[in-house]
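*Asks:* sequence and predicted structure are below.
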Amino acid sequence: MWNNPRLLTLLANALFVLVALLAVATGVYALVRSPMFPLKVIRVEGELSKVGRAGIVEALQGHLQGTIFTVDLELVRARFETIPWVRRAEVRRAWPDRLEVRIEEHVELARWGRREDLRLVNLQGEIFNAASDRDLPVFAGPAGSEGEVARAYADFAKLLQPLGMEPRQVVLSERRAWQLKLDSGLVVQLGRNLAKDGVNERLLRFVQAYPRALEPMKRRLDYVDLRYPGGFALRVPGLQRIEDPKTSRPKA
């Protein structure tokens with residue numbers, strides 16, 4: 001091999017290229033970590049009403065390290081998402097010295113359980129921990145049912161619109177039975193969602209019957225049981241239980 005000038009030339013050229021690549025890599029590595037490219041600015045975007053500067057500073061304190069090239073974007077994203085009202089954060093580098101962060105805030109739909117628990121449900125049916133001073137509906141149900149309860153609330157609210165009423169409490173029991181409390185104070189027992197007679201169908205029958213059968217009574221109702229096939233039972237303050245004689249016992 002050492003007597004072959006052509007092979008020696010090729011070997012020398014390869015070594016030269018390797019040394020050059022190593023030099024470039026070393027230079028790039030040093031440049032990337034150089035204090036010449038400090039991270040100076042974090043630009044936060046999004047429709048923000050709950051997330052403020054103080055919360056952002058607290059979340060990032062002690063966790064923002066490195067240059068614009070070496071800062072850990074996943075860590076920064078995760079720290080932003082620890083802020084109570086942040087649902088999602090997207091982070092990217094922007095030349096020469098800043099990070100751009102787009103935040104999506106939670107929008108509260110209801111409380112989950114007791115007010116003091118500071119658990120809220122957002123429009124997507126997800127639970128998050130935060131304090132709200134809004135007068136929100138209250139949801140309750142088995143663990144993991146918050147999305148189902150939020151979807152049911154939307155259905156119930158739409159069905160009740162013709163009566164000018166809205167649900168203030170929506171409860172799903174461990175037995176999968178539904179109960180509502182309306183803004184009028186009326187408690188509505190819906191029961192379980194059966195294949196041949198769903199809770200939406202029962203509530204719709206009540207809404208349709210209310211103007212002609214109940215509203216003329218001019219009496220405040222405090223409880224209605226819709227679990228009867230083809231009818232319902234009422235409780236009116238000061239009166240005995242009113243029940244459709246054609247109905248049988250509740251089925252759910």
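*Replies:* Sure thing, it's come through.
*Asks:* could you find the closest non-adjacent residue to residue 89?
*Replies:* residue 80 (3.8 Å; Cβ to Cβ, 6 or more residues apart in numbering). C-beta: built from backbone N, CA, C; applies to glycine.
*Asks:* right, and the one you found touches residue 99 too?
*Replies:* No. Counting by Cβ atoms under 8 Å, residue 80 stays clear of residue 99, with 10.2 Å between them.
*Asks:* quick check: neighbours shared by those two?
*Replies:* Common neighbours of residue 80 and residue 99, counting by Cβ atoms under 8 Å, 6 or more residues apart in numbering, are residue 91.
*Asks:* more neighbours, the two?
*Replies:* Legend: neighbour count by other Cβ atoms under 10 Å for residue 80 and residue 99, higher for residue 80 (23 against 19).
*Asks:* domains of the chain?
*Replies:* Domain ranges of the chain: 41-105, 108-243, per automatic domain parsing.
*Asks:* would you turn those domains into a markdown table with mean pLDDT?
*Replies:* Below are the domains of the chain laid out as a markdown table (pLDDT from 0 to 100):
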| stretch | mean pLDDT |
| --- | --- |
| domain 41-105 | 92 |
| domain 108-243 | 90 |
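*Asks:* all strands for the stretch 101-250 of the chain, in order.
*Replies:* 108-112, 119-122, 127-129, 138-140, 167-172, 177-182, 187-192, 223-225, 233-235, 242-243 (DSSP state E, counting those that start in this stretch).
*Asks:* turn those into TSV, columns for distance to residue 202 and mean neighbour count.
*Replies:* Listed next are the strands of the stretch 101-250 of the chain as TSV, based on distance: least, Cβ to Cβ, whole Å; neighbours: other Cβ atoms under 10 Å:
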stretch	distance to residue 202	mean neighbour count
strand 108-112	22	21
strand 119-122	24	21
strand 127-129	28	15
strand 138-140	20	21
strand 167-172	14	20
strand 177-182	9	19
strand 187-192	6	20
strand 223-225	10	19
strand 233-235	12	17
strand 242-243	15	14
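*Asks:* do you know how far residue 91 is from residue 77?
*Replies:* With distances taken as Cβ to Cβ, to the nearest Å, residue 91 is found 5 Å from residue 77.
*Asks:* those two: who's more crowded?
*Replies:* Neighbour totals were compared for residue 91 and residue 77, and residue 91 leads with 20 against 16 (other Cβ under 10 Å).
*Asks:* hey, where'd the helices end up in the chain?
*Replies:* Counting by DSSP state H, the chain has these helices, from start to end: 5-32, 53-60, 73-80, 146-160, 199-209.
*Asks:* who touches residue 166 in this structure?
*Replies:* Contact partners of residue 166, counting by Cβ under 8 Å, 6+ apart, are 137, 157, 160, 182, 183.
*Asks:* let's see it at 6 Å
*Replies:* 157, 160, 183 (Cβ atoms under 6 Å, 6 or more residues apart in numbering).
*Asks:* distance of it from residue 184?
*Replies:* Distance of residue 166 to residue 184, given as Cβ to Cβ: 9 Å.
*Asks:* now do residue 161
*Replies:* 14 Å.
*Asks:* more neighbours: these two, which one.
*Replies:* residue 184 (13 against 10).
*Asks:* which non-adjacent residue is nearest that one?
*Replies:* Closest residue to residue 184 apart from its sequence neighbours, by Cβ to Cβ, 6+ apart: residue 165 at 5.8 Å.
*Asks:* ok, now how distant is the one you found from residue 171?
*Replies:* Remark: distance between residue 165 and residue 171 (Cβ to Cβ) = 17 Å.
*Asks:* who does residue 172 form a beta bridge with?
*Replies:* When assigned by DSSP bridges, residue 172 has beta-bridge partners residue 178.
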